[in-house]
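Student: Predicted model and sequence below, questions to follow.
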Amino acid sequence: MSLMDLLEETDREMGVEGSKYMMGEDEEEEEEEEEEEEEEAEAGGGGGGIEYNCCVCMVRHKGAAFIPCGHTFCRLCSRELWVQRGNCPLCNNFIVEILDIF
């Protein structure tokens, strides 16, 4: 199940009509092409990729975690945010689960 499917399912459960996550077929095709171009650029980058830091602790960790609103933090910070705050520090959406990426 994709993240978009989960977001749409959550909207239906909450009674939100006209999900803002839905895209037309043309938009989906354009987005897929952009993703493929980004992947090709990353693969052919020669090791000069950008390293991203967690915006909470400002340290690059091996493990990253993805929360439902789409923001990414290190695993430790995402777990602490979930337990202590319960919402994303960037957009204030509730954290209902955490997906460990790598």
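Tutor: Great, that's in hand.

Student: Quick check: which ranges of the chain have low pLDDT?
Tutor: For the chain, residues meeting the criterion pLDDT under 70 lie at 1, 17-51, 61.

Student: if you set the cut-off to 90 instead, what comes out?
Tutor: Of all residues in the chain, those with pLDDT under 90 make up the ranges 1-79, 81-82, 85, 89, 95-102.

Student: What are the boundaries of the helices in it?
Tutor: In the chain, helices defined by DSSP state H lie at 3-14, 25-43, 75-84, listed in chain order.

Student: If you tally nearby residues, what's the number for the nearest residue to V59 once chain neighbours are set aside?
Tutor: Distances taken as C-beta to C-beta, 6 or more residues apart in numbering put N53 closest to V59, at 6.2 Å, once the chain neighbours are dropped. For every residue, glycine as well, the C-beta is placed using N, CA and C. Taking other C-beta atoms under 10 Å as the criterion, the count of residues near N53 is 12.

Student: Check the gap between N53 and E8 for me.
Tutor: To E8, N53 is 31 Å away according to C-beta to C-beta, to the nearest Å.

Student: Next, the residue nearest to V59: phi, psi?
Tutor: Here the main-chain torsion angles of N53 (degrees, to the nearest 10) amount to phi -100, psi 150.

Student: so how far is G15 from it?
Tutor: From N53 over to G15 the distance is 38 Å, taken as C-beta to C-beta.

Student: What of N87?
Tutor: From N87 over to G15 the distance is 20 Å, taken as C-beta to C-beta.

Student: Quick check: V59 touching L76?
Tutor: No: applying C-beta atoms under 8 Å as the test, V59 and L76 come out as separate, 9.4 Å apart.

Student: Compare neighbour counts for the two and give me the winner.
Tutor: Set side by side, V59 and L76 show unequal neighbour counts under other C-beta under 10 Å, the larger going to L76 at 15 against 10.

Student: For the closest residue to F73 other than its chain neighbours, give me its contacts.
Tutor: Spatially, and ignoring its direct neighbours in sequence, F73 is nearest to C54 (5.0 Å; C-beta to C-beta, 6+ apart). With contacts defined as C-beta atoms under 8 Å, 6 or more residues apart in numbering, C54 is in contact with R60, H61, A64, F73, C74, C77.

Student: No more questions from me, cheers.
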